[in-house]
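> quick one, fold the following:
(2 chains)
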Amino acid sequence: MYRTIQLSLQARIQAILLSRYEIALPYLAVEQPPNIALGELALPVAFELAKRLRKAPRAIATELAAELNADLPAGVALVEVAGAGYLNIRLDRAATVRRIAADHHADLGGPGFRLIEHTSINPNKAAHIGHLRNAILGDTFQRLLRPDAFKSGYQVGVQNYIDNTGVQVADVVVGLVHLQGMNLDRVRELLTECLETNQRIDFYCWDLYARVSQWYTDPGPDPANAAPTLAARKQLRLDTLHALEAGHGETAQIADLIATEVLRRHLETMLRLGIEYDFLPRESEILSLHFWDAARALMTERGVLYEETQGKNKGCLVMRRAGAEAMAEGDTDEDAKVIVRSNGTVTYVGKDIAYHLWKFGLLPGKDFGYIPFFNYPTHPCWISTSGASDPTAPTFGKADAIYNVIDSRQNDPQNQVQEALRAMGFEDAASRYTHFSYAMVAMTPRTAVDLGYVVPEEDLAKPFVEVSGRKGLGVKADDLIDRLITAAKTEVDNRHPELDEPERLAISQQIAIGALRFFMLRFTRNTIIAFDFKEALSFEGETGPYIQYAIVRAANIFRKSGVPADEALTAIAEIEGLEPILSSEEGTSLWETWLAASRLSTVLDQSIQSAEPAYLAKYAFTLAQQFNNFYHRHHVLTETDPTRRALLLATAAAAHRELIRALGYLGIEAPPVM
RNA sequence: GCGCCCGUAGCUCAGUUGGAUAGAGCGGCUGGCUACGAACCAGUAGGCCGGAGGUUCGAAUCCUUCCGGGCGCACCA
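Residues are numbered from 1 along each chain as shown, chains lettered A, B, ... in the order given. Down below sits the predicted model:
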């Protein structure tokens, strides 16, 4: 509702500026005055115009106010001039409350297919807290975009890229074969054992991966003569990697078995958080279906890729680096980015360019094969194949816009891919390519110590230490979720002995997921999260459970009053005499609650435009705070005046409705009790 | 050396694209459960917005520079 008024106000003022001063301002700032006593919206437009019109801001504001007041936009009661030249807008409170109650709000959405890539964990070990941040950010953003009951939204596809032929999977294969002495059959047995005894292969690989990484550099008992041994181990690693890339033979089969099974564990872990995917493109198919060949032909044809004939990159196919100055004819660009090595193999960025051409439907003659891989209650998740494609599979490429949820350490390669698209003449695609960048999750030294890691002296004073899969240093996603559930369960058991066990567990899970998702979303994207168990396990203050609790309190009011929330909202349409209450001094806190509740679509729009889910998380918390404040100031059930009681009930219902919606976008459920 | 990010209350962070008196949570201190549930609320203390210049009606926000921190910069993947 807030956004509806904001949009109509902006349009009116733009029209006035055009007719009166012949000025066109494409963007008009609208803000909230510092105090509700000054009005509900404020426009500093007069300051902006002062220099162009060579007139005092206050004089301009006065003229604008007069014109606006002569023909007020719907819902506006009065426009006045304040301070040095602000245009302050006062709304018709009763009319606005009725419109909010009737759920009038500006729609959001548009045409086109948007592809979101997130999670993308190497399938060689258990997911950790850093992966959780990625998946929760991506999943939340997907929810912001998707069509739903509140908005028409955008068509979206969610994909999770699987690097199943990379060096990390190779490392685990080296561990299985050379440290554990396993062959293909033994690996099959291991996987069967894991499933039968409820052990997790991804946890097993977590430890094995750390051991292998250490093994590569461990000089052993005779450091002086270790060099040949270590070189041989490195060679083993390379040979294994090449076997995976080639895609056939026992080594590749072992890798495929392990990667596929670890991937299933990842999907299960993410499903605990309500995170689902539509498609899993795998690197193995990018290789076997020769995506690169098509990309290479296109890049060469468009003059983006060229062979270097001298200097350090002699014999390589290279492209200009993103942001580099243009070179003079005949000069050697020593700084160029190598795409194809002198031995003919393609680099990671090269494969990524091919993949992104496919995403935009720009890779001629190439597509994945698709088969179902994993079943969600409402839809299947598809995976890539080089074999026969299932004819019922939907289309995944040909996106109009893409969002890559990838951490900020990948800034350079991401820029390089965009630069390649731009250089090929796909300006439009490049401009619809969003690197949804975010900073890593680290750990406080205290948490690292709690986990039993030896933290070096010099790191103890630092605010955080880096999570490292290679060192096995990190918090596994499932361990954290389990601990959160246990902590929530203790509380729920205490508070609700009357409920049966499955119900208490279900509520505890909702609270745990609420706490976790909110924790990962409350920080803006480029803030490094220093993970701390004490903080993450907190259910008080600026947390998910705080918001869930506000919803439970509101729901209790409707239950005890016998008036359902939706009836409380419909009732308000018929009731007279709201204005005096809303305009009174004590009614102001009611009005502020309505105003806060009406801002959801504004905040959604902001979150989408800036690709920043933290704005929505912050909003949900602020609205819950506003509701709790209202809850303490006004006692609904003991209110005897029918008009006041109806208004109080509707106020609670409006906050309740928007809190549930906001949490829904954050992927957090509202428990029935807690 | 080059590029990107960050520096705001004791701690952890917001700050709506340059606006009115810089805000939350945690922690500290004072209070509030026989009223819709205290996973809550109210009050209080706590700030040279890293430093210095500049841009203008107006700067935590933009520019320059310095200081301090983080992360990237391979024919590795």
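> what number of residues lie near the residue of the stretch 151-300 of chain A found nearest RNA strand B?
Here the stretch 151-300 of chain A gets closest to RNA strand B at one residue, A:Val167, 3.3 Å apart by CB to the nearest atom of the strand. (Each C-beta comes from the backbone N, C-alpha and C, glycine too.) For A:Val167, the neighbour count with other CB atoms under 10 Å is 15.
> repeat that for A:Thr593.
23.
> please, which helix or strand holds it?
Per DSSP states H and E, A:Thr593 falls inside helix A:588-597.
> residues contacting the helix or strand just after that helix, please?
On the C-terminal side of helix A:588-597, the closest following helix or strand by DSSP H and E is helix A:600-609. By CB atoms under 8 Å, 6 or more residues apart in numbering, the residues outside helix A:600-609 that reach it are A:1-3, A:6, A:105-106, A:108, A:141, A:144-145, A:150-151, A:612-613, A:615-616, A:619, A:658, A:661-662, A:665.
> ChimeraX command to pick out the buried ones of the residues you listed?
Here is the ChimeraX command that picks out the buried ones among these, judged by 16 or more other CB atoms under 10 Å:
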select /A:1,2,3,6,105,106,108,141,144,145,150,151,612,613,615,616,619,658,661,662,665
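> which of the contacts of helix A:600-609 come close to RNA strand B?
Filtering the contacts of helix A:600-609 for proximity to RNA strand B by CB under 7 Å from any atom of the strand leaves A:612, A:615.
> in helices only, show me the contacts of helix A:600-609.
Members of the contacts of helix A:600-609 lying in helices (criterion: DSSP state H): A:2-3, A:6, A:141, A:144-145, A:613, A:615-616, A:619, A:658, A:661-662, A:665.
> how about the residues you listed in JSON lines, adding pLDDT?
Converted to JSON lines, those look like this (pLDDT from 0 to 100):
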{"residue": "A:Tyr2", "pLDDT": "87"}
{"residue": "A:Arg3", "pLDDT": "90"}
{"residue": "A:Gln6", "pLDDT": "90"}
{"residue": "A:Phe141", "pLDDT": "98"}
{"residue": "A:Leu144", "pLDDT": "97"}
{"residue": "A:Leu145", "pLDDT": "97"}
{"residue": "A:Pro613", "pLDDT": "97"}
{"residue": "A:Tyr615", "pLDDT": "97"}
{"residue": "A:Leu616", "pLDDT": "97"}
{"residue": "A:Tyr619", "pLDDT": "97"}
{"residue": "A:Glu658", "pLDDT": "97"}
{"residue": "A:Arg661", "pLDDT": "98"}
{"residue": "A:Ala662", "pLDDT": "98"}
{"residue": "A:Tyr665", "pLDDT": "98"}
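> A:Phe113 belongs to a helix?
No: A:Phe113 is assigned strand when assessed by DSSP: H, G, I helix; E, B strand; the rest coil, not a helix.
> what is the burial count for A:Pro236?
For the record, residue A:236 is Leu, not Pro. 17.
> so who does it touch?
Counting by CB under 8 Å, 6+ apart, A:Leu236 touches A:174, A:178.
> tell me the helix or strand right after the host helix or strand of it.
Using DSSP H and E, A:Leu236 sits in helix A:227-246. Using DSSP H and E, the helix or strand that follows helix A:227-246 in sequence is helix A:250-272.
> how near is the residue lying closest to A:Met299 once chain neighbours are set aside to RNA strand B?
Excluding its sequence neighbours, the residue lying closest to A:Met299 (CB to CB, 6 or more residues apart in numbering) is A:Leu305, at 3.9 Å. According to CB to the nearest atom of the strand, to the nearest Å, A:Leu305 and RNA strand B sit 14 Å apart.
> next one: the most centrally placed residue in chain A from RNA strand B, what distance?
Centroid check for chain A by CA atoms, centre = their mean gives A:Leu137 as the closest residue, at 1.9 Å. The gap separating A:Leu137 from RNA strand B is 13 Å, by CB to the nearest atom of the strand.
> cool, A:Lys55 as well?
From A:Lys55 to RNA strand B the distance is 12 Å (CB to the nearest atom of the strand).
> does that residue sit in a helix, a strand or a coil?
The three-state assignment at A:Lys55 reads coil, by three-state DSSP.
> can you name the residues that contact it?
Going by CB under 8 Å, 6+ apart, A:Lys55 touches A:Leu49.
> and what of A:Val158?
By CB under 8 Å, 6+ apart, the contact list for A:Val158 reads A:116-118, A:138-139, A:142, A:276-279.
> give me the below-cutoff pLDDT ranges for chain A.
Within chain A, the segments meeting pLDDT under 70 span A:325-330.
> which SS state does whatever residue of it ends up closest to RNA strand B fall under?
Taking CB to the nearest atom of the strand as the measure, the point where chain A comes nearest RNA strand B is A:Gly541, at 2.3 Å. Classification of A:Gly541 using three-state DSSP returns coil.
> pull the distance from stretch A:580-589 to the chain's centre.
With CA atoms, centre = their mean, to the nearest Å as the basis, stretch A:580-589 stands 39 Å off its chain's centre.
> can you list the buried residues in it?
Going by neighbour count (16+ other CB under 10 Å), the buried part of stretch A:580-589 is A:581-582, A:587, A:589.
> cool, stretch A:443-462 as well?
Neighbour-count burial for stretch A:443-462 flags A:443-445, A:447-448, A:453, A:455 (criterion: 16+ other CB under 10 Å).
> ends of that stretch, how far apart?
Using CA to CA, to the nearest Å, one end of stretch A:443-462 lies 10 Å from the other.
> so what touches that stretch?
Stretch A:443-462 has contacts (CB under 8 Å, 6+ apart) with A:463-467, A:473-475, A:530-533.
> in strands, which of the residues you listed fall?
Among the contacts of stretch A:443-462, DSSP state E puts A:465-466, A:530-531 in strands.
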